[in-house]
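Here is my input; please provide its structure:
(chains A and B)
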Number of protein chains: 2
Amino acid sequence: MQPPFAGITRRPATAEATEADSAWITRVSAEPSNQQQSQAGSGPLDGLHFAVKDNIDVAGLPTTAGCSAFAYTPSEHAHVVERLLRAGARLAGKTNLDQFACGLNGTRSPYGPVPNALNPAYVSGGSSSGSAYVVAKGLADFSLGTDTAGSGRVPAGLNNIVGLKPTRGLISARGVVPAAQNVDCVSIFAMTVSTAAKVLQACIGYDEADPFSRRVTMASKPLPAKFRFGVPDTLEFFGDKLAEAAFTQSLEQLTGLGGTAVTINYAPLAQAAAMLYDSALVSQRYTAIQAFFDAHEEEVIEPVRSIIAKGRQYSAADYIRAEIDMLALSQVAGRMWQEIDVLFVPTAPTHYTIDQMQADPVALNRNLGQYTNFVNLFDYAALSVPSLMRPDGLPFGVTLIGPAGSDWQLADLGQRYHHATGLSLGATTRSLPEPAPIAALQAPATVRVAVVG
Amino acid sequence: MQPPFAGITRRPATAEATEADSAWITRVSAEPSNQQQSQAGSGPLDGLHFAVKDNIDVAGLPTTAGCSAFAYTPSEHAHVVERLLRAGARLAGKTNLDQFACGLNGTRSPYGPVPNALNPAYVSGGSSSGSAYVVAKGLADFSLGTDTAGSGRVPAGLNNIVGLKPTRGLISARGVVPAAQNVDCVSIFAMTVSTAAKVLQACIGYDEADPFSRRVTMASKPLPAKFRFGVPDTLEFFGDKLAEAAFTQSLEQLTGLGGTAVTINYAPLAQAAAMLYDSALVSQRYTAIQAFFDAHEEEVIEPVRSIIAKGRQYSAADYIRAEIDMLALSQVAGRMWQEIDVLFVPTAPTHYTIDQMQADPVALNRNLGQYTNFVNLFDYAALSVPSLMRPDGLPFGVTLIGPAGSDWQLADLGQRYHHATGLSLGATTRSLPEPAPIAALQAPATVRVAVVG
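The predicted structure follows:
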């Protein structure tokens, strides 16, 4: 067995005020002796540095899930980390998060709130707050987050980077602290779609040891040149006129790429989102950490504690009924795939300052999930890409959503969309590199003709 | 709207002693005025008479689920009944069952036990007892059962007929009283595989109104001529030497059709079966009829009542953990599909008399599920076919099991197997008709060559 990583882990009590520090929980040195597990020179991710959300195991480093009382030091890497190291990537450290991945805003951590990479007065979004921040700042080439209800997309949208929530089961979640195990996904942040797609390719692999791992039949052809995209019949920006204007502009941009907008019934999607915390489905959150929570409930910060505790009260029958209700909603929502090739929504409806969020942490957090919550519950794939920079200097992101297995199609369209924006990368002044073809997609059919004689 | 059916429904209190009567709960007349909904002359099932298990709705007839206090008279047909009538089939009546489809033996009904069609001292098997009996006796050309843990297979095996448990979600369960809704399947009994396959073809159809309906990608090619079949590494016949010898002979017969036996690890399959009643999964049974059960528990017969009542005690967390445990077992079990094309088991390990069963109704019922319980939990398809007649005049059936979507493959192999036995049909002296190709399977690839000039 190879030596585990060594790292320096912040203590919650000494949470530094410096902005960049707050994104990390554990830093590791880039010394070769500390990177023996990275097989540099050997793989498709050679030379890329990555960060890992601190609810994903790296051997030898504590996994805190944002709660030092919960922390343990695993002797094995999470399956996905193992794959990345084998592909040549080098570990930069482990990142801050909303405790137990419960939140969409980035302030729910005893290690301190993670600021927005473009304006530190604002939230980074969560729960994969640190992972999004370090990519947006150029401190890592890519990072792993997790996405249960939007945690891999909201922070991408708020920080002008790409956030890929793959089809559930495509990336093994072995070695990941569960949040709601039936819908948890490991997610990927990067500056560009092309990097995210390359990372996804390295991460994919059926893993018998993860109960939710599965072999997914992937759509292998790009969307047609003329495609139809769904737009919700009701849009909510919580009074944010700049976001509303930004989405209108985004619709025009997608139309310019060959898309035709089709209005879809958003009611079943919104109803599913509402069930996430207001039904027995929340019992998934409690079950995920039940042994720890029953013994150490007081170590869990609010409002995470209250949310998880709600999951204790439901009966098996309550849960089974909620699951059936969710499937019924999924059937109704699924009608839209007869009419559209892809669904198009704002990634987040607005921005909040850290002060605003801390003053009203439940309601404003819920608002941030307006366009993300239903995706995992309905077994969809999603890709958040930057769309534009608002007049106030805050970014606006959009999300492309497709059925399970549409990941490569979303990447192909998402890359075209991102490059059409001409935006700088993350919080840097770097320009977008040339787009790269999505390797897993077949080129449009060609006919070979051999003329002999 | 067309007029609903009229019928004559037995009262539990007047349960007749005559053998054939005990298989029916409601008879309908074949008068044309009572069959207007059957579109005779119009479809692939024209001229076939069918029976419906009495937990499936037929408009105008009571749905009792084997419990008169529960009975209601629906105004609409179950989705599957509607399809069969449209395909030209004619309704013969509704059949007796283990109450709430909870049982595998056919004695758990206030309408009386259903005897075995070949020897009335023995049980018919259940829960689709009446549906198997009427087909075995030639009183219907085919029938609908339901299968949650073997209810569509055990009675087929015990009565020398074919029992098809399709891939879950292939046939809509709208209008079916749920037993465990996440794994319930409508099943098909017939004398021959070819009839069962023709019926399945007429029943298939995605139905948005059933939360568990789904579009299934079906394997469309037959199994290879030389195939590998799995045999459990541990076999249990509960001391029945005739059954043990029958299975040995069945193995030879399948080998004769081109199969090579591969021993598989049965432990994860047996563990899943054990969880069906001894874990929070039993809460599915309670949830299925919760409102009725809470109000009228005393109307439910034993041991059904005690089994369902167990489902009340579990928490959502208990259920979620059981679901995850089941998925983990499914991953381990799934290894076998790398080594085999089809799994081959006895349909039931033995026969019991009605007296034996009534004296020990829980343990002996469980024994009958030895080779069926795991199938629904692991999302497999299964087909029970007659294999031989034992020296004591009781039949022995075998079951072919494949992954979801393997239904047509199982039908193709099952038909070849059944025809190789040379058995008479059911409890009749009729011979097997000529086999018919399974329409949904592609013929082996052929090359068309046109020579011109």
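
When you work out contacts or count neighbours from here on, use the C-alpha atoms and nothing else.
OK.

Show me which positions of stretch A:262-270 end up buried.
A:262-266, A:268-270 (16 or more other C-alpha atoms under 10 Å in any protein chain shown).

who in chain A is up against chain B?
Residues of chain A lying near chain B by C-alpha under 8 Å from any C-alpha of the partner chain: A:208-212, A:280, A:283-284, A:286-287, A:311-321, A:324-325, A:327-328, A:330-332.

can you map out the helices along the stretch 251-400 of chain A?
Secondary structure of the stretch 251-400 of chain A, counting by DSSP state H, counting those that start in this stretch: helices at A:267-278, A:283-288, A:290-296, A:304-310, A:316-334, A:354-359, A:363-368, A:373-377.

Would you convert the ones you listed into TSV that also reports mean pLDDT?
Shown next, in TSV, are these (pLDDT from 0 to 100):
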stretch	mean pLDDT
helix A:267-278	93
helix A:283-288	97
helix A:290-296	98
helix A:304-310	97
helix A:316-334	98
helix A:354-359	97
helix A:363-368	96
helix A:373-377	97
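
B:G402 is nearest to which of the ones you listed?
helix A:316-334 (25.0 Å; C-alpha to C-alpha).

if we look at the closest one, which residues are touching it?
The contact list for helix A:316-334 (C-alpha atoms under 8 Å, 6 or more residues apart in numbering or on different chains) reads A:265, A:268-269, A:271-272, A:279-281, A:283, A:377-378, B:208-212, B:280, B:283-284, B:286-287, B:311-312, B:314-319.

So A:F5 versus A:W24, what's the distance?
Distance of A:F5 to A:W24, given as C-alpha to C-alpha, to the nearest Å: 16 Å.

Same question for A:L139.
Note on A:L139: its distance to A:W24, by C-alpha to C-alpha, is 11 Å.

Which one of those two is surrounded by more residues?
Between A:L139 and A:W24, counted using other C-alpha atoms under 10 Å in any protein chain shown, A:W24 has the larger neighbour count: 28 against 16.

Surely A:P433 forms part of a strand?
No - going by DSSP: H, G, I helix; E, B strand; the rest coil, the assignment for A:P433 is coil, not a strand.

That one: neighbouring residues, count only.
Residues within reach of A:P433, counting by other C-alpha under 10 Å, total 12.

go on, A:Y314?
By other C-alpha under 10 Å, the residues close to A:Y314 number 18.

So which of the buried residues of stretch A:262-270 is the closest to A:A89?
Nearest to A:A89 among those is A:L269, at 37.1 Å by C-alpha to C-alpha.

picking up where we left off before, of the residues of chain A next to chain B, grab the buried ones for PyMOL.
Command for PyMOL that selects the buried part of the residues of chain A next to chain B, burial taken from 16+ other C-alpha under 10 Å:
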select buried, chain A and resi 208+210+211+212+280+283+284+286+287+311+312+314+315+316+317+318+319+320+321+324+327+328+330+331+332
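
Tell me where the model's unsure across chain A.
A:1-3, A:13-20, A:36-42, A:443-453 (pLDDT under 70).

Now with 90, please.
Within chain A, the stretches with pLDDT under 90 are A:1-4, A:6, A:10-21, A:29-42, A:276-277, A:439-453.

Is A:T167 in contact with A:D379, as I believe?
Yes - using C-alpha atoms under 8 Å, A:T167 makes contact with A:D379 at a distance of 6.9 Å.

Who has more neighbours out of those two?
With neighbours defined as other C-alpha under 10 Å, A:T167 and A:D379 compare such that A:T167 has more, 26 against 19.

tell me the secondary structure for the more buried one?
Classified using three-state DSSP, A:T167 is coil.

Could you pull up the residues touching the residue lying closest to it once chain neighbours are set aside?
In space, and not counting its chain neighbours, A:T167 is closest to A:A381: 4.7 Å by C-alpha to C-alpha, 6 or more residues apart in numbering or on different chains. A:A381 makes contact with A:165-168, A:375, A:401-407 under the criterion C-alpha under 8 Å, 6+ apart.

can you give me phi and psi for A:K198?
phi -60, psi -40 (degrees, to the nearest 10).

ok, now how distant is it from chain B?
As for A:K198, its distance to chain B is 27 Å (criterion: C-alpha to the nearest C-alpha, to the nearest Å).

where do the strands sit along the stretch 351-453 of chain A?
In the stretch 351-453 of chain A, strands defined by DSSP state E, counting those that start in this stretch lie at A:380-389, A:395-403, listed in chain order.

Thank you, goodbye.
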